[in-house]
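Visitor: Build me a model:
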Amino acid sequence: MTDFSNLNQYDPQGRKAWFPLPIEGIPELELMHAGGSNKPYTTALGKRVAKRGAAGRAEVKADPGSALKWQVDTDRALFPRYVVTGWRGITDSADAPVPFSANACAEFFDALPDWIVQEISAFAGVASNFLPDDMPDEDEVEAQAKN
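Guide: Model prediction:
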């Protein structure tokens, strides 16, 4: 049997990445992958999808925009518990630093505009964002393939 264990280095499980927020001061969120490598997240997401069930499908059929609203609401509920693991540079309205906690993160996500929640979700959903910096990028892989 051939050993392909060298491919384990491409698994984002347990790895974290910093996401710079597009707001004043450029604070950052420390994230885990919001995908299959994050079992607690995918389990909670699966439960929300199952709970939504047929009523959710009917709602989307009647109003296709409701699917995006549901996804943003789901990210607001799940990310503070299962995806965001820390932050730096987050301040309150009085510009006082806010220590990270799941509860503070939930309040922060509730205050964020939808488009920022969507950007966080987009970044967290890309597994390659969680690979080590010394991994080859697409250009390097293409150059190696030509040799």
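Visitor: any idea how far T74 is from A50?
Guide: For T74, the distance to A50 equals 12 Å [Cβ to Cβ, to the nearest Å]. Where C-beta positions appear, they are placed from N, C-alpha and C, glycine not excepted.
Visitor: Who has more neighbours out of these two?
Guide: Neighbour totals were compared for T74 and A50, and T74 leads with 17 against 9 (other Cβ atoms under 10 Å).
Visitor: can you pull the contacts of the more buried one?
Guide: 45, 48 (Cβ atoms under 8 Å, 6 or more residues apart in numbering).
Visitor: how distant is the host helix or strand of it from the center of its chain?
Guide: If you go by DSSP states H and E, T74 is part of helix 65-82. Chain-centre distance of helix 65-82: 11 Å, with Cα atoms, centre = their mean, to the nearest Å.
Visitor: Taking the centroid of this structure, which residue is nearest it?
Guide: In the chain, the centroid-proximal residue (Cα atoms, centre = their mean) is A124; its distance is 2.7 Å.
Visitor: can you pull out the helices in the chain?
Guide: Assigned by DSSP state H, the helices in the chain fall at 39-62, 65-82, 102-111, 114-124, 138-146.
Visitor: Between the two ends of stretch 106-115, what distance do you get?
Guide: 16 Å (Cα to Cα, to the nearest Å).
Visitor: whoops, stretch 93-103 was the one
Guide: Terminal-residue distance, stretch 93-103 (Cα to Cα): 17 Å.
Visitor: what sits up against it?
Guide: Identification of contacts with stretch 93-103 by Cβ under 8 Å, 6+ apart yields 80-81, 86-87, 90-92, 104, 108.
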